[in-house]
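A.B. asks: Provided below are the primary sequence and the corresponding predicted coordinates.
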Amino acid sequence: MSAPSMDTKPEQHVRKIYPIPGGVHPPQNKAQSTQTPLTEATLPKQVILPLSQHIGAAAVPMVEVGERVLTGQLVAQAKGVVSANVHATISGTVSAITDCVLPHPSGMSGPCIVIESDGLDEWQPLEPCEAYLEQDADTLLAKIRAAGIVGMGGAGFPAAVKLAARSPIQHLIINGTECEPYITADDMLMRSYPEAVIQGTLIMAKILGEPEDLVIGLEENKPEALAALRQAAEGTRVQVVSFPCQYPSGGEKQLIQRLTGKEVPSGALPASLGCVVQNVGTAYAAFRAVRFGEPLLSRVTTVVGEALEKSANVEVRLGTPVGELLSQFGYQAKKASRLIMGGPMMGFALTSDLIPVIKTSNCLIAPSRREMPANNPPAQACIRCGLCAESCPASLLPQQLYWYARSEDFDKLESHHLFDCIECGACSYVCPSNIPLVQYYRSAKGSIRQAREDKIKSDHSRQRFEFRQARLAKVEAEKEAKRLARQQAAEKAKQKLADNPPPAAAIPTAPAAVSEAGGADAIARLERAVESAQARVTTAQERYQEAVAEGSERAEQLLAKLKQAEVRANEAKQKLAAAQAEPSATPVETSDDPVAAAIARAQAKQAMNPAEKAKANVESLQKRLAKAREKLAEATQENSDKVEALQSGVEKLEQKLADAEQELAQTAGQLEPVLAAADDPAQAAIERAKAKAAAAATLSPTEKLTSQIESLQSRLAKAQTKLAEAQAAEADNQEALALGVSKLTEKLAQAQQVLAELEEQANP
Amino acid sequence: MQMLLDQPVLAAVLALGTLALIFGGVLGFASVRFKVEGDPIVEQLDSLLPQTQCGQCGYPGCRPYAEKIAEGDVINKCPPGGQATVDAIAQLLGVEAPTLDAGDAANAEVKRVAFIREDECIGCTKCIQACPMDAILGAAKQMHTVIAEECTGCDLCVEPCPVDCIDMVPIATTLATWHWQKPKPAGLIASDRDHQAA
Amino acid sequence: MSFIQHSSPHAHGSNSTQKVMLTVALATLPGLVAMVLFFGIGPLINVMLCVGFCVGFEALALALRKRPIGFYLRDYSALVTGVLLGLALPPYCPWWLLLVGAFFAIVVAKQLYGGLGFNPFNPAMVGYVVLLISFPVAMTQWAAPTGVGDHSLPGLAAALSQVFSGQGADGYSGATPLDAFKQAQGLTVDAIYEQPLFSAGHIAGAGWEWVNLGFLIGGLFLLWRGIFSWHAPAAMLLAISLLAFIFFDGSSESGGSPLLHLFSGATMLGAFFIVTDPVSSAVSKKGRLIYGAGIGALVYVIRTWGNYPDAVAFSVLLMNFAAPFIDYYTLPRTYGHTRPRRATEKADN
């Protein structure tokens, strides 16, 4: 519909204007502030520059307190892509970087740079550029980004981000609609600087890759601005169109609909339709930034209201406190009902007059009570008149949204597209019952956003909690496996002792004693396990009863513990019964399935270890060595001629075994950290025990026993200290430790007995 | 055919039996073909709970409480979730929403995080063991600190601390989290105005 | 000046519930004047008594519900209900009839549901229907308009004594034109129109056409003031006309001419003052078209083939039932969405 080749004047009139649904027609109140030409406000004594005057991340301060800054100097740098620079708007000294009350509906404070003026307004040298339209798009964009320009219409979205659109743009729409009552800042800007606005438009078009449709849209209540712009646009391909007044046709989505007939899909950006919308103020600022190298230091603001002696538009330095600006217009605080920054439909009430004018402050209203009451009239019942639905530019059902917002039915609100509400205020404006509909929607939106975040957090928490539970369970299982592995190792060591009796046949009683002890030992051990399990049950019962008596919250948990203890006790009893029924059965066979599985897993884990291989090697060597020794002993007895050969074979084997053991020790040593991390010192202990056993094989029985006793003694000492510690700390593993100590004591006693017997035999 | 007509009882039984078979078959087919794979109720309940794992309900964690609710426990034992959670569970189960346990309700609305006064911390790791979220960082004899983003405000770490150096700090509203509050209902505003006039 | 947080918008339209209600009450004046001219002082007594009863019941109910009485009375919704009920009830009917009607309208149909805005049914019509079903004889005795029969209009004293003590001339009442048309199955249309009830009137019976014209004028005034949209009344009148046009074959066996239906009975009062009641009607424009058309169709159907001579009250109540259903199926398409939503849909995100 738009033909770029036709930039003749009649074409401007034929552009189709599309209807938008809903809308209201509040009294314009624009005449008050358009009587006098645009002037400059007096230089403020102090400026307060919030680090966040835009949508996106707050800028990062670049100056120190006490530093002297010049007008136009960068004082805070954009952080990330969606952010904007902040510049000193006067020359002077940075007096503070602190939290000040922000121009925000919440009335909360945020970080600001405060600069005290030195009254000189000394500018930093600027870099003007005459042939700006000859420059390439990236340079222009960089200049706009450096100047800290944001959407000046109210939202404050960084202009450079919008202009760096990734998808191809067909429509560049410059928004001069200014549909809100009272505000005339854009109107006066367009009247005063029409050429700058047109040139700014062309600069932005260049950056966007020359979209085919360049259009400036105005409501038809600005004939002077329309005429001025049309004159300035002569000879360019910028169209200037006007359309009937209908609040909120200046909303970004509404303006796109008005001028192109397209609707921005819900949740998408205008760029997805090939549209970029910029405010006329932004176009003007972009021109100043590119042409004169001037950062965004001031803006045109409408100062209006019946509590002022005069109303007008002024160019005001950013950061000027509202009170200081108002005082130049004869502000009478007593007459005012409230102070509004922005328009009466979408602006917010200020909570202090120290709040600064920022990049997005297009209007300041100081209304009398007649214009706007100090308190909103009380809300009456909704009479379902439907005026709100008729006025809604997004074709929502404000009434339904109101009911659901009141009952906090968030699902229903979302299914009724609450988030497509642009908060234009048309529904509240027309409501005959004075219901603050927009506040309901804002509150509901906030609650829904919070609920979404809470949901994300709670899912995250659940994951963390479950992970922790799994980890604790794993640690517990590993402990259990370790304990069993230790037992098994002890059994194996004993078995080995029994299977590989020392070559001297002089000690026939020892293995027998050991093996006999082995069977009895298993049963005794199980008996002790049963006892300790039962003891555990008793203590658990006591604790539970105590907790119940105290009415403690932990009672339930303790009950669960008690049950667990009982189950364990039963298991232990069963094991014991099984062991007693088959006294010859090996301890490994008596162990129940999960334990065996745990051991199997642990062993499987070890299967790939070099240590495992080395260990196997050592074991086979040990066996071969034992056999060789037997043969040697036989041969010696028979005085066979093979003695020598056998002797050398035994020596070779011994050598090999020693090598293998060394290797094993090394691999074990290397693996130590890994094993420690993998929680397998048990395995290492087993290996050490085996290595010792193997080493002992080469020693004389007496020596072997002595060393065994020594090691047992040291282990016992260690175990006892551990037990003492555990008892002191009342740790859960006391019983296990006590069991370990008693077992060690027993073993030690056995070993000592065997030693005594051996010594007796040796020295009759 | 004639035989059937002569035997009305037999005919009726036959007809009804055939119908029963057909419809039974259809129903059986439908129940297999259109089977609804619903979330087990415990999963759904668990997803509604706030996952603070604080144990204020008397169970060790949110999931155990979800299981207990599925077994018929009352649904108003979750102070961190507040009335909103109670309402959501009530809606899921299709029951009348009870009010939150009295006493809990007062604290429920304010979200808190644990904060360790670090110069007082002796590094005993007791809080680390108590934290269901692993949200406390530290080692034995080293100062501990709370990862505020991970803290759910369950206050399980407060009690084990031997030097009592953990505070539950309310989360402050920031510009990012601030939002408008719901207007007061009509009747209240009217009476407020009457008060002001008086 | 106080620095108080206010959520925007700070400006507010001049529209208010009070204004809406008062305008509606005011707009009944032409119709009321016409009624007084043709039926005497009776309708005025009805209206005044009903307003008194309704406001009284409203205050009582608010007091019992512990709500600020003054605040809620100032929305003038009870006033409008009273006016409409008074206009709908037969002139010179006994005072207790008005009292019972007002009780059901205000207390049962409105306050028990939670007050203004929460009532699913039009309060005045509920009151009317309760009376119509409970006291059919009293409710079908409409005063004959002047010029019909040999009586003159009763004076104020006679009227009051009729209302409060039941004493007085009984000769005022007679059948309404709709009734006459319905009962006169044997006569030709021309013969019916020659009856005294019609003789003074040309379209829809003596008096009645003027009364309906009065309400039409009031309705158009409200439309001009933007109190309601044109959708529901237009749809209702169109539906009645269309059905009457289709089924009228010129004989008295059929349902009566479109003009008879449009300007007889409570058609105009219903179309502009009852159907437009926002609380109990459908919300969207499309919904209001369906809602109005449904009422129009039901009015014609009941008038023609039902037991009652007029049917606005029944039709309105029946369509009140259907209003939530209509709303459900007439949701508008939101900006930026490709199709209208369904109320039961979950949010997409």
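C.D. replies: Yes, it's here.

A.B. asks: For the rest of this, base every contact and every neighbour count on C-alpha atoms.
C.D. replies: Will do.

A.B. asks: so where's the longest helix in the chain?
C.D. replies: Using chain A here. Longest helix in chain A by number of residues (criterion: DSSP state H): helix A:437-499.

A.B. asks: actually chain C
C.D. replies: Under DSSP H, chain C gives helix C:42-64 as its longest helix.

A.B. asks: and if you look at chain B?
C.D. replies: helix B:8-33.

A.B. asks: what sits against A:H25?
C.D. replies: The contact partners of A:H25, taken as Cα atoms under 8 Å, 6 or more residues apart in numbering or on different chains, are A:C245, A:Q246, A:Y247.

A.B. asks: mind redoing it with 6 Å?
C.D. replies: Going by Cα atoms under 6 Å, 6 or more residues apart in numbering or on different chains, A:H25 touches A:Q246.

A.B. asks: One more: A:Q278?
C.D. replies: Shown in contact with A:Q278 (Cα under 6 Å, 6+ apart): A:I174, A:N175.

A.B. asks: swap in the one 3 residues further on?
C.D. replies: Counting by Cα under 6 Å, 6+ apart, A:G281 touches A:M152.

A.B. asks: And for A:A540?
C.D. replies: A:A540 makes contact with A:L562, according to Cα under 6 Å, 6+ apart.

A.B. asks: tell me which element it falls in.
C.D. replies: In this assignment (DSSP states H and E), A:A540 forms part of helix A:509-550.

A.B. asks: same thing with A:I48?
C.D. replies: Element membership for A:I48, per DSSP H and E: strand A:46-50.

A.B. asks: What's the first helix or strand after that strand?
C.D. replies: strand A:60-61.

A.B. asks: in chain B, which ranges drop under the pLDDT threshold?
C.D. replies: B:1, B:37-39, B:101-109, B:185-198 (pLDDT under 70).

A.B. asks: can you give me the strands in it?
C.D. replies: For chain B, the strands defined by DSSP state E occupy B:112-116, B:136-137, B:145-146, B:166-170.

A.B. asks: Out of these, indicate the one that is most buried.
C.D. replies: strand B:112-116 (a mean of 22; mean count of other Cα atoms under 10 Å in any protein chain shown).

A.B. asks: orientation of that strand relative to strand B:166-170 in degrees?
C.D. replies: Here strand B:112-116 runs at an angle of 150 degrees relative to strand B:166-170 (axes from the mean of the first three to the mean of the last three Cα atoms, to 10 degrees).

A.B. asks: Just give me the neighbour total for the closest residue in space to C:P278 that isn't next to it in sequence.
C.D. replies: Among residues not flanking C:P278 along the chain, A:C385 sits closest, at 4.7 Å (Cα to Cα, 6 or more residues apart in numbering or on different chains). Neighbour count of A:C385, defined by other Cα atoms under 10 Å in any protein chain shown: 27.

A.B. asks: A:C385 belongs to a strand?
C.D. replies: No - read with DSSP: H, G, I helix; E, B strand; the rest coil, A:C385 is coil and lies in no strand.

A.B. asks: Next secondary structure after the helix or strand hosting A:G110?
C.D. replies: Assigned by DSSP H and E, A:G110 belongs to strand A:109-117. Toward the C-terminus, strand A:109-117 is succeeded by helix A:137-146 as the next helix or strand (DSSP H and E).
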